[in-house]
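Asks: Return a 3D structure for these sequence lines:
(chains A and B)
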Number of protein chains: 2
Amino acid sequence: MMKVAINGYGNLGRGVERAIAKNTDMELVVVFTRRDPSSITTLGAPVARIEDAAEWVDQVDVCLNCGGSATDLENQGPETVQFFHTVDSFDTHAKIPNYFAAVDAAAKKAGHLALISTGWDPGLFSMLRVLADAVLPDGRSTTFWGPGVSQGHSDAIRRIDGVLDARQYTLPVPATVEAVKAGTEVELSPRTMHTRDCYIVAAQGADLERIAKEVTEMPDYFADYDTTVHFITAEEMAENHAGLPHGGTVVRKGMTSEGTSQRIGFELELDSNPEFTGSVLAAMGRAVTRMAARGESGARTVFDVTLADLSPHSAEDLRAHWL
Amino acid sequence: MMKVAINGYGNLGRGVERAIAKNTDMELVVVFTRRDPSSITTLGAPVARIEDAAEWVDQVDVCLNCGGSATDLENQGPETVQFFHTVDSFDTHAKIPNYFAAVDAAAKKAGHLALISTGWDPGLFSMLRVLADAVLPDGRSTTFWGPGVSQGHSDAIRRIDGVLDARQYTLPVPATVEAVKAGTEVELSPRTMHTRDCYIVAAQGADLERIAKEVTEMPDYFADYDTTVHFITAEEMAENHAGLPHGGTVVRKGMTSEGTSQRIGFELELDSNPEFTGSVLAAMGRAVTRMAARGESGARTVFDVTLADLSPHSAEDLRAHWL
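Replies: Residues are numbered from 1 along each chain as shown, chains lettered A, B, ... in the order given. Have a look, this model is predicted:
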């Protein structure tokens, strides 16, 4: 039995908790939190203050860090790896090399192993992009996101004056996806690749026209896209937009000789982004536990993990039944 | 520069030759053959008898074995690994454990590394099945093959009396693929999953009705499928059926909690099966070269390879640009 700790009990932490319940070789031994432990009700595991992590060292094989990249993980990563082998979903792409260096130094000092930046993007999508590039070096990879809820864009709308709640769906443009799969010439720009659909609950008496204008003209987030704004009631929001679905597609088209085209495609269609991301973290936790047991230490990424280490099945079983 | 040998110059060997030309870190140094070397014209590399392999030991980093599983590889695998690190596409699933053991023993004795059973199925499809199972343990994986040419089924038709040439296309049943993706109840049997389309050039005066009956009633190959037979001319065969396209889909549907469904999909659409398979062998050759340089020996499968070892890009580059 692999003894797992979850650090942080938000959407992702709860997703990891459900993932651990689906893996018969894993046991959730503790949930760490910065909050008052008595304010948290898990599905059964005890809750402890992250400040008391040192007391759990002997009872935990791997700690899955479920904080957010923006604020939590930059400190959480190097701190928790002093006590445990760790896995996290750090996803601020530009900061990954610095984050890797900080975690690597702390992990080596402690003799622990840390796998950073996993989930599905970065994570499974990254793995497929590297695999497809290695197999088809003369080609082009394209990533489409959605249909799904972008939490960053939803938050940006919520910051607008008069907005009580908001949910932003990112949608790939079907004609562009088809053109990329077919290998026909197509412009790839924010506007041709994705559209944005916004569902907003406005405060009573708020100027809806102004809110819609502020959304569609917001630089970086919406101005470069065809954006649709729908005003809905709080009841409609609760009823139709409570989930966090997401997904996407990685397409690589490549040539292996003059006139010979090959396509590799990878798709995710997720009812729940945090539960799926949590499932990836749990599987990576298995790999980290095994790699650490062989004496590895320092920081790693998904590119350093074998499928044999990710899988619950033995090497013999994999060879006999999974090739 | 990675120095590569190709062993066997049939469809797959020529596919590997083209793949090596697309990889700027690889150089084809020799093509080995059992035939008379003077009967073979490569794109530029010298040709040598496989019996003279020992003379090439210092000039080759990895040997890509391109023989067929049915007859060639069972001997070729253990024999060539005495001289070189090797990669092959052994695909007789039931015999893989025995083949692995034989290659493993020979490889360890020689201090060489051998990666067996790669390509796309076994190969990339196997990798995706193991990855998807590790991430979504509570689920079901389904593999569809085609649209594409099945060489085994084409050969089976060619053995019928009165048949001059034949090409058999395996086609997934679109409604079944859609049902599996959607997660709706659907029967999964040979007949509901795939249809078989046969294009046959018959000898002049041959009994077409008898040939068609022998095809559609052939046990194992066709009797369990909806099979269509088309008689065409030799000219039509040459004009419309010269290629060896193939492809397929791996779908995993899984639940991460009550009512929360997640889908992982992987697709290949290949203009040329041997050129794509050859491209996978070339990339695996890179990984084997690197793993062997770190002192590994014995037999391995795709489950033992990291993406960092498959990729031509450095670990730093991968972290900075590919996550």
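Asks: Every contact and neighbour count from this point should use C-alpha atoms.
Replies: OK.
Asks: what's the average pLDDT for the helix ranked longest in chain A?
Replies: Counting by DSSP state H, the longest helix found in chain A is helix A:273-293. Averaging pLDDT along helix A:273-293 gives 98.
Asks: need the contact list for the residue nearest the centre of chain A.
Replies: Among the residues of chain A, the one closest to the centroid is residue A:119, at 3.8 Å (Cα atoms, centre = their mean). Residue A:119 sits next to A:89, A:276, A:277, A:278, A:280, A:281 when contact means Cα atoms under 8 Å, 6 or more residues apart in numbering or on different chains.
Asks: Please apply the same query to residue A:79.
Replies: Per Cα under 8 Å, 6+ apart, neighbours of residue A:79: residue A:106.
Asks: ok but it is inside a helix, no?
Replies: Yes - checked against DSSP: H, G, I helix; E, B strand; the rest coil, residue A:79 lies within a helix.
Asks: buried residues in stretch A:176-192?
Replies: Residues of stretch A:176-192 classed as buried by neighbour count (16 or more other Cα atoms under 10 Å in any protein chain shown): A:176, A:177, A:180, A:181, A:183, A:191, A:192.
Asks: meant to ask about stretch A:306-318
Replies: Neighbour counts over stretch A:306-318 (16+ other Cα under 10 Å) mark A:306, A:307, A:308, A:309, A:310, A:311, A:312, A:313, A:315, A:318 as buried.
Asks: okay, the closest residue to residue A:202 other than its chain neighbours: pLDDT?
Replies: Of all residues not flanking residue A:202 in the chain, residue A:163 sits nearest, at 4.6 Å (Cα to Cα, 6 or more residues apart in numbering or on different chains). On the pLDDT scale, residue A:163 is placed at 97.
Asks: Surely residue A:296 is in contact with residue A:113?
Replies: Yes - judged on Cα atoms under 8 Å, residue A:296 makes contact with residue A:113 at a distance of 6.4 Å.
Asks: Looking at those two, which is more packed in?
Replies: A count of neighbours by other Cα atoms under 10 Å in any protein chain shown puts residue A:113 above the other of residue A:296 and residue A:113, at 29 against 17.
Asks: now that one: how far from residue A:63?
Replies: When distance is defined by Cα to Cα, to the nearest Å, residue A:113 is 11 Å away from residue A:63.
Asks: same check, this time on residue A:235
Replies: 38 Å.
Asks: can you check residue A:53 too?
Replies: 10 Å.
Asks: before we move on, back to that, give the intersection of the neighbour lists for residue A:113 and residue A:63.
Replies: What both residue A:113 and residue A:63 touch, as defined by Cα under 8 Å, 6+ apart, is the set A:84, A:85, A:86.
Asks: Tell me the one of these nearest chain B?
Replies: residue A:86 (17.5 Å; Cα to the nearest Cα).
Asks: Do you know the pLDDT at the closest residue in space to residue A:271 that isn't next to it in sequence?
Replies: Residue nearest to residue A:271 in three dimensions, not counting chain neighbours: residue A:245, with 4.4 Å by Cα to Cα, 6+ apart. Looking at residue A:245, its pLDDT reads 97.
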